[in-house]
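>>> Compute the structure for the input listed below.
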Amino acid sequence: MNVARKHLEDAIKINPEYAEAYYKLGLLLKKEDQADEALEHFQKAVSIREDYAEAQCELAIALTEKGEHEAARNHFLNALEINPSYADAYFHYALLLVELKDIEEAKNNFDKVTEIDQNYAEGYYQKARLLNNPDDFEDARKNFETAIDIRPDYIDGHYYMGKLLSGGVATSKEGSIIDRTDLPEAKKHFLRVLELDKNHSKALYNLARILSREEKYKQAHECLEKALKINPSYSKAHFLFAHVLTELKASAKAKTHFAFSIEHYEDNAPAHFRLGVILAESGKKREAREHLQKAVTLNPEHAEAHYHLARILSTDEDPAPAKKHFFRALEIKPDFALAYYRLAHHLERSGDLNEAKV
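Presented below is the predicted three-dimensional model:
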C-alpha cells in the first residue's frame with residue numbers, strides 16, 4: 001500500500017494536473033481510514049476534471065460521511081449527469097436519500113441500480129429494507145430473495161429475511177391485514193446467519209424468540225445464553241431470557257434478568273411490569289409498587305400493569321388510588337373479569353357497597 005502511495009505521489013509531483021492520480025490516491029487514503037486527506041484528493045481530482053464521474057461519486061460519499069449532505073447531493077447528481085448508467089452512484093445517492101428521510105426517492109434510485117445491474121445484491125437488499133408497510137410484504141420478500149440468490153452468503157440478507165418472515169404482516173388483495181408469518185422458513189434464515197457468523201447475537205436472539213413461541217424453552221435458553229455471552233448489555237435478550245426462565249420455573253433467575261433488561265434500557269415498560277409482578281408474588285410490595293408505577297407511566301395503556309398496581313394499592317388506607325387503577329384497567333380492557341372481581345371486593349372493603357354491587 002505504501003509503495004503504491006509513493007508512486008502516486010511521485011506521479012502528482014511530476015504532473016500536478018493528473019486527476020486520475022489524485023483519484024487513485026484518494027481511494028488508497030480512504031482504505032487507510034484517512035477520510036479528510038481522501039476527501040481533499042477527490043476534491044482536487046474534480047477541480048481538475050469536472051467530468052470525472054467516479055471522482056464526483058467518491059467525493060459525494062466522503063461528503064456524506066462528514067454530514068455535508070447538500071454538497072454530497074450535488075456531487076452525486078453531477079456524477080449521474082456525466083454517466084446516467086452509473087449504478088454505484090445511484091446506490092450511494094439512494095443511501096443519502098434514506099438518511100435525508102426521502103424514502104420514496106430512495107426507492108426509485110435503488111430501482112435504478114437494479115435496472116442497470118441486475119446482479120447488484122445490495123440494491124435489492126436496501127430496497128427491501130425500505131418496504132416495511134403491510135402492502136409491501138411480497139415485494140420486500142422478493143427483493144430479499146433476489147439479494148440472497150445473487151449472494152448466498154449475504155448475512156444481512158438472511159437476517160432481515162428472517163425478521164420479515166417472523167413478523168409477517170401483509171395486506172390481501174381485498175385490502176385486509178393478513179398474517180404471512182412463516183416461522184419454519186424464518187428459522188432457516190437465522191440458522192444460515194449463524195452458519196456464516198456464529199457470534200451474531202441478534203440472530204441468536206431472534207432464533208430464541210421463535211423457539212420460545214414454539215414452547216421449546218430449553219433450546220431458547222441455550223441460544224440466549226450464547227447471545228448474552230457475546231453481548232452482555234443486550235436488553236431485549238435479557239428480557240426474553242427472563243421470560244424463558246419463568247417458563248422453566250426459575251423465577252429467581254428470571255428476576256435477575258428482568259432487572260438486567262431494565263439496567264440496559266431504563267424505559268422498558270414490559271420488564272418493569274414483569275419484574276413488578278414477580279416482586280409482588282414474593283411479598284416485596286414496596287419494590288413491586290415502584291416497578292408497576294413505572295410500567296403504567298411508560299405505557300398508560302397496559303391494563304394488566306394497572307390491575308397489579310391496584311391490587312398492591314388496595315391495602316393502603318386511602319381506597320381512591322387503587323380504585324382509580326382498577327377502573328383504568330377496565331377502561332382499557334372491558335372484558336377483564338378478574339379486575340371486576342377484585343374491584344368489587346375493594347369497594348366492599350372500603351364501604352362503597354352500592355358501587356360494589358354495580
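>>> which residues touch stretch 32-40?
For stretch 32-40, contacts defined as CB atoms under 8 Å, 6 or more residues apart in numbering pick out 1, 26-27, 29-30, 58-59, 62-63, 65-66. For glycine as for every other residue, the C-beta is placed from the backbone atoms N, C-alpha and C.
>>> Kindly give a single PyMOL line that selects the buried subset of these.
Selection of buried members from the contacts of stretch 32-40 for PyMOL, criterion 16 or more other CB atoms under 10 Å:
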select buried, resi 26+27+29+30+58+59+62+63
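>>> Strands along the chain, start to end?
169-171, 177-179 (DSSP state E).
>>> looking at those strands, which one has the lowest mean pLDDT?
Lowest mean pLDDT of the strands of the chain: strand 169-171, a mean of 61.
>>> what's the farthest-apart pair in the contacts of stretch 32-40?
1 and 63 (24.1 Å; CB to CB).
>>> Stretch 319-326: which residues count as buried?
Neighbour-count burial for stretch 319-326 [16+ other CB under 10 Å]: 319, 322-323, 325-326.
>>> Among the residues you listed, which lie within helices?
322-323, 325-326 (DSSP state H).
>>> Could you list the low-confidence segments of the stretch 251-358 of the chain?
Within the stretch 251-358 of the chain, the stretches with pLDDT under 70 are 351-358.
>>> Repeat that for the stretch 101-250 of the chain.
For the stretch 101-250 of the chain, the ranges with pLDDT under 70 are 169-175.
>>> quick one: the helices in it?
All helices of the stretch 101-250 of the chain, identified by DSSP state H, counting those that start in this stretch, fall at 103-116, 121-130, 137-150, 155-166, 183-196, 201-213, 217-230, 235-247.
>>> As TSV, those helices with mean neighbour count and distance to residue 293 would be great.
What follows is the helices of the stretch 101-250 of the chain, written out as TSV (neighbours: other CB atoms under 10 Å; distance: least, CB to CB, whole Å):
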stretch	mean neighbour count	distance to residue 293
helix 103-116	18	38
helix 121-130	23	38
helix 137-150	19	39
helix 155-166	22	33
helix 183-196	18	36
helix 201-213	22	28
helix 217-230	19	28
helix 235-247	23	19
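>>> Identify whichever of these lies nearest to residue 270.
helix 235-247 (6.6 Å).
>>> CA atoms only for that closest one, dumped as PDB, please.
Taking Å, rounded to 0.1, in the frame of the first residue of the first chain, the C-alpha atoms of helix 235-247 are listed here in PDB:
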ATOM      1  CA  SER A 235     -31.700  -5.600  26.900                       C
ATOM      2  CA  LYS A 236     -34.100  -7.500  24.700                       C
ATOM      3  CA  ALA A 237     -32.200 -10.700  25.100                       C
ATOM      4  CA  HIS A 238     -32.200 -10.300  28.900                       C
ATOM      5  CA  PHE A 239     -36.000  -9.700  28.800                       C
ATOM      6  CA  LEU A 240     -36.600 -12.800  26.700                       C
ATOM      7  CA  PHE A 241     -34.200 -14.900  28.800                       C
ATOM      8  CA  ALA A 242     -36.200 -13.800  31.900                       C
ATOM      9  CA  HIS A 243     -39.400 -14.900  30.200                       C
ATOM     10  CA  VAL A 244     -37.900 -18.300  29.200                       C
ATOM     11  CA  LEU A 245     -36.600 -18.800  32.800                       C
ATOM     12  CA  THR A 246     -40.100 -18.000  34.100                       C
ATOM     13  CA  GLU A 247     -41.500 -20.700  31.900                       C
END
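>>> That one to helix 217-230, inter-axis angle?
150 degrees (axes from the mean of the first three to the mean of the last three CA atoms, to 10 degrees).
>>> what's near enough to touch residue 26?
Taking CB under 8 Å, 6+ apart, one finds 38-42, 45, 55, 58 in contact with residue 26.
>>> could those go into a markdown table alongside distance to residue 78?
Converted to a markdown table, the contacts of residue 26 look like this (distance: CB to CB, whole Å):
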| residue | distance to residue 78 |
| --- | --- |
| 38 | 18 |
| 39 | 16 |
| 40 | 18 |
| 41 | 17 |
| 42 | 12 |
| 45 | 12 |
| 55 | 10 |
| 58 | 12 |
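>>> one step back: mind checking which of the contacts of stretch 32-40 are in helices?
26-27, 29-30, 58-59, 62-63, 65.
>>> what does stretch 59-79 rub up against?
Under CB under 8 Å, 6+ apart, the answer for stretch 59-79 is 30, 35, 38-39, 42-43, 45-46, 50, 53-54, 56-57, 86, 89, 92-93, 95-96, 99-100.
>>> related to what we said a few turns ago, same list (the helices of the stretch 101-250 of the chain) but as a markdown table, adding distance to residue 270.
Listed next are those as a markdown table, based on distance: least, CB to CB, whole Å:
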| stretch | distance to residue 270 |
| --- | --- |
| helix 103-116 | 29 |
| helix 121-130 | 26 |
| helix 137-150 | 26 |
| helix 155-166 | 18 |
| helix 183-196 | 21 |
| helix 201-213 | 14 |
| helix 217-230 | 16 |
| helix 235-247 | 7 |
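>>> With residue 19 as the reference, name the closest of these.
helix 103-116 (24.5 Å).
>>> And the contacts of the closest one?
85-87, 90-91, 93-95, 97-98, 120, 123-124, 126-127, 130-131.
>>> what's the answer for stretch 212-221, then?
Counting by CB under 8 Å, 6+ apart, 183, 208-209, 211, 240-241, 243-245, 247-248 sit against stretch 212-221.
>>> Tabulate those (CSV), appending distance to residue 11.
Listed next are the contacts of stretch 212-221 as CSV, based on distance: CB to CB, whole Å:
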residue, distance to residue 11
183, 58
208, 55
209, 56
211, 59
240, 57
241, 58
243, 63
244, 62
245, 64
247, 67
248, 67
